[in-house]
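# pasting a predicted model and its sequence here:
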Amino acid sequence: MDDPQRKTPAVRRLRDMLERCRRAVVFTGAGISTESGIPDFRSPGGIWTRMAPIQFEDFLASEEMRRESWRRTFGLRDAFAEARPNIGHHAVAELVRRGTVQAVITQNIDGLHQQSGVPAEKVIELHGNNGHAACLQCGERHELDVIRQAFLGRDELPECRLCGGIVKLATISFGQAMPVGPVLNAERETRECDLFIVIGSSLVVFPAAGLPVLAKRNGAGLVIVNREQTPLHDEADLAVEDEIGPFMAQVVGLN
């Protein structure tokens, strides 16, 4: 139940901004998914503090690096198989359902926005999706269950069934070019919005971190909701350092 006594000034301010805006865009990073039990990559204790990321050129050049990449892929999928959308995801989905938010641009690869009810066509995945694999040569989609059986059961590296090319998880690795289509779509949505809401991003990974700057330069209001300060806190019209799920739930009225 929506308790007026619990509303902070920041909750009231963001509610007012949402009510007044014409077209809002939400931009999310790892912080929105940590409350679902998915650790981020960069923070202390994150995945990259325990294992160095595999560079894209090393994945291409080395069969052993490709094997290590697939070992990590299935290990992480097993560890995070129970992850479900949290109240922060559901708050964003509710804003989309109301027609307030026109697009969700995300750095995340977990698919939790779609699971929370955001239509797939409203989600722009800048770093890909870990729910399937694709051939790097022809783009053919490959299902992970088939790859898993062959790799873990028979130690076979996946090859494209159509062209014989290298198959990789459909996410963007270090050193790999960003996908042109999603980047252009994200830039278009950013230019067209009048309210840009950053949720759970440290805003240090470029070119994605340049989107809030683009929005601000085009006259949009800028809101940042994150547990810690970001490099753009001073540029924001509203900057909130709080737990993401509970805060966004109050904004939307889900609690």
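Received, thanks.
# which residue ranges of the stretch 151-255 of the chain form helices?
180-192, 211-217, 244-252 (DSSP state H, counting those that start in this stretch).
# just name the most buried of those.
Mean neighbours per residue, mean count of other Cβ atoms under 10 Å, is largest over those for helix 244-252, with a mean of 23. All C-beta spots, glycine's among them, are computed from the backbone N, C-alpha and C.
# OK, contacts around the one residue sitting closest to the centre of the chain?
Within the chain, one residue has its C-alpha closest to the average C-alpha position: by Cα atoms, centre = their mean, that is residue 108, at 2.1 Å. Counting by Cβ atoms under 8 Å, 6 or more residues apart in numbering, residue 108 touches 28-30, 32-33, 125, 127.
# centre of the chain to stretch 224-233, how far?
16 Å (Cα atoms, centre = their mean, to the nearest Å).
# which other residues reach that stretch?
14, 31, 197-204, 209, 212-213, 222, 236, 238-244, 247-248.
# these, buried ones only, as a PyMOL selection?
Buried members of those, defined by 16 or more other Cβ atoms under 10 Å, are picked up in PyMOL with:
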select buried, resi 14+31+197+198+199+200+201+202+203+209+212+213+222+236+238+239+240+244+247+248
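# just the helices in the stretch 1-150 of the chain please.
Taking DSSP H, counting those that start in this stretch, the helices of the stretch 1-150 of the chain run over residues 9-20, 47-50, 56-61, 63-79, 87-97, 112-115, 144-154.
# using CSV, please lay out those together with distance to residue 168 and mean pLDDT.
As requested, these are arranged in CSV below (distance: least, Cβ to Cβ, whole Å; pLDDT from 0 to 100):
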stretch, distance to residue 168, mean pLDDT
helix 9-20, 39, 97
helix 47-50, 18, 53
helix 56-61, 7, 97
helix 63-79, 8, 89
helix 87-97, 26, 98
helix 112-115, 21, 97
helix 144-154, 10, 94
